[in-house]
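Engineer: Sharing a model that was predicted from the sequence below.
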Amino acid sequence: MSERVTKEETRFLELWKEQREGSKVGYYVLYTISWGMVSTFAVFFALMSLGGISIIPIAQDNMKILLIALAGIVAGFLITLLIRVRNEKKYQRILKKLEKNRVSQTEN
């Protein structure tokens, strides 16, 4: 007998199916900006607390802030890419499990 699909997996299928119906570009833009902001703020405040950036704005920090923002956007894109790939693999795995359940039910 094959494995049953859990409620969490069913919920995931519904939510991820919705995400897949939308634009891939829209997904990447939305989540890259979101994760990019989180990454940028985390690195910025970590550097500020470690003394890498002055609390009082000075000209020497402008390039550091620009680099932090660019690194945040790149990190946001990479996080988005990894999450999308992971979710797509999970989606396909659950679909295979559903298909196995259907086949085993038709055989019985």
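Structural biologist: Noted; the coordinates are in hand. Numbers count the residues shown, from 1 in each chain.

Engineer: pLDDT (mean, whole number) over the host helix or strand of F44?
Structural biologist: Per DSSP states H and E, F44 falls inside helix 24-50. For helix 24-50, mean pLDDT rounds to 92.

Engineer: helices or strands up against that helix?
Structural biologist: Applying 3 or more Cβ pairs under 8 Å, 6 or more residues apart in numbering; DSSP states H and E, one finds that helix 24-50 contacts helix 61-107. All C-beta spots, glycine's among them, are computed from the backbone N, C-alpha and C.

Engineer: For the helix it packs on, name the packing helices and strands.
Structural biologist: Checked by 3+ Cβ pairs under 8 Å, 6+ apart, helix 61-107 has helix 7-21, helix 24-50 packed alongside it.

Engineer: With mean neighbour count and distance to N101 as new columns, can the ones you listed be given to me in JSON lines?
Structural biologist: Below are these laid out as JSON lines (neighbours: other Cβ atoms under 10 Å; distance: least, Cβ to Cβ, whole Å):
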{"stretch": "helix 7-21", "mean neighbour count": "12", "distance to N101": "11"}
{"stretch": "helix 24-50", "mean neighbour count": "14", "distance to N101": "29"}
